[in-house]
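J.: sequence and predicted model, in that order:
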Amino acid sequence: MQNQVIKNIGFVVFSFLMATSAYAGNKNIEYSDEMSTEFGEFNTQGSTIYSELSEMNLSANNYAEVVLENAFDSEVVISQYNQGGGTNKAKVIQSNVNGNKAAISQSGAENLAVIEQSEGQDNYAEIKQAGYGHNSYISQSGSNNLAYLKQCRGLACTNTNGGSDISIVQENNDNFALVVDRGNSNYGITQDGGDSIVIFSNMNRGIYVRQ
């Protein structure tokens, strides 16, 4: 793998087709095609919430579940649309939080999204999926974290070859992550405080980023 840099300030990837570049701090990074083998994959960190939802067999077009435990001034919005072919599944859990927001929007079928927020305040997480066969997981524990994840494929997004599996895990405070994907990718992002990540991707391979 070429020019690997570990830096806590920021990490940005702009990827189109098979060309990939990155920006971390004041250094440009070029990534080779070996990136998918160097990094790991979609990671829910053993979330039982995600695995239980994934294993549910449902006949309905859309299924959504919201769990609030000791949550104050929180806002949860789930909007799903289905044209047939499978069930959309979405779940939001907020526990011991204040001023947290979560939004899940899925358009096609066979999409799965889970947001877990706990032990913090003023966090924001949003998953938008559109298309078919996407799996997303966002976990936030701490305060002042922001995560935005958008996947695409048909239904108002440009078509791609397949669904994506993308996860964002944020711990501690002041993390930022934005992922815009066009499908057929695999990401696992873990942040442990004061980290920034921006990824625009259509590289058809796996990435794991930890800061």
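T.: Cool, got the structure.

J.: show me the helices in the chain, by range?
T.: For the chain, the helices defined by DSSP state H occupy 35-38, 48-55.

J.: least reliable of those helices going by mean pLDDT?
T.: When the helices of the chain are ranked by mean pLDDT, helix 35-38 comes last with a mean of 35.

J.: what's the distance between V114 and S196?
T.: 23 Å (C-beta to C-beta, to the nearest Å). Quick note: C-beta positions are derived from backbone N, CA and C, even for glycine.

J.: looking at these two, which one has more neighbours?
T.: Remark: of V114 and S196, V114 carries more neighbours, 26 against 18, as counted by other C-beta atoms under 10 Å.

J.: settle this for me: that one is touching Q140, isn't it.
T.: No - shown here, V114 and Q140 do not form a contact pair, counting by C-beta atoms under 8 Å, at 11.8 Å.

J.: quick one, what contacts the spatially most central residue of the chain?
T.: In the chain, the residue lying closest to the centroid (C-alpha atoms, centre = their mean) is S167, at 4.1 Å. By C-beta atoms under 8 Å, 6 or more residues apart in numbering, the contact set of S167 is 42-44, 136-139, 187-189.

J.: 10 Å instead?
T.: 41-45, 47, 50, 114, 135-139, 149, 179, 186-190, 208 (C-beta atoms under 10 Å, 6 or more residues apart in numbering).

J.: filter those residues down to the ones in strands?
T.: Of these, the ones assigned to strands by DSSP state E are 114, 135-139, 149, 179, 186-190, 208.

J.: follow-up on the earlier one: show the buried residues in the contacts of S167.
T.: Among the contacts of S167, those classed as buried by 16 or more other C-beta atoms under 10 Å are 42-44, 47, 50, 114, 135-139, 149, 179, 186-190, 208.

J.: name the residues linked to V97 by a beta bridge.
T.: A71, G120 (DSSP bridges).
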